[in-house]
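Participant: Predicted model and sequence below, questions to follow.
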Amino acid sequence: MLMKEGQELRPKTFPGKLTDYFLLTDNLAHQSQFISAALFNKIGFYDVGYKIVSDYHFFIKAYYMYQITYRHLNFITTAYNLDGLSAKPESVKAINKERHRIQKKYMPEFLVFMYYVYAILLDSGIYNNRAVKSFVIFIRNLIFKFLKR
């Protein structure tokens with residue numbers, strides 16, 4: 001459940017199965033994870049060298065280096081306060097920088113490169129140009145074709 005200033009906003013749901021696309025664009029909420037001590041012993045703890053996204057690092061490392069999966073429980077386990085550092089708009093740049101470092105370290109290089117080209121073109125004002133739009137759609141289709149795993 002997402003909370004802002006003590007008021008419930010909406011439940012946030014997560015996929016039943018993790019995908020590359022989800023892990024590129026989102027994160028599992030560490031507040032609602034039940035992680036065994038055995039998994040921490042195998043992989044290590046959260047790397048606090050990442051100031052904001054140490055949980056993201058843990059999940060990406062677990063998924064790509066150790067092929068760890070997760071089990072989705074279809075009920076709310078946590079109320080997440082959107083007033084914290086990772087939810088603040090001024091943190092987006094630092095979050096993206098840390099996430100990109102992690103993605104480059106663990107994810108397939110082609111996937112990360114294509115996703116960032118797609119995101120840059122999508123976010124730029126030139127997306128309205130028909131040729132650019134066709135190129136962006138081509139890149140998006142390549143990404144989704146690659147993500148069918």
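Facilitator: Perfect, thanks for sending it.

Participant: And the pLDDT at L147?
Facilitator: Looking at L147, its pLDDT is 62.

Participant: How about Q7?
Facilitator: Q7 carries a pLDDT value of 59.

Participant: All the helices of the chain, residue numbers only.
Facilitator: Assigned by DSSP state H, the helices in the chain fall at 20-25, 37-43, 54-65, 92-106, 109-123, 130-146.

Participant: for the ones you listed, which one ends up most surrounded?
Facilitator: Of all the helices of the chain, helix 54-65 has the most neighbours on average by mean count of other Cβ atoms under 10 Å, namely a mean of 19. Where you see a C-beta, it was placed from the backbone N, CA and C, and this is true even at glycine.

Participant: per the record, what domains does the chain have?
Facilitator: 2-106, 108-149 (automatic domain parsing).

Participant: Of those, which shows the lowest average pLDDT?
Facilitator: domain 108-149 (a mean of 72).

Participant: So which residue is smack in the middle of this structure?
Facilitator: Centroid-nearest residue in the chain: D26, 2.8 Å away (criterion: Cα atoms, centre = their mean).

Participant: Need phi/psi at T19.
Facilitator: The phi and psi values for T19, taken as degrees, to the nearest 10, are phi -130, psi 160.

Participant: any idea how far it lies from G44?
Facilitator: 24 Å (Cβ to Cβ, to the nearest Å).
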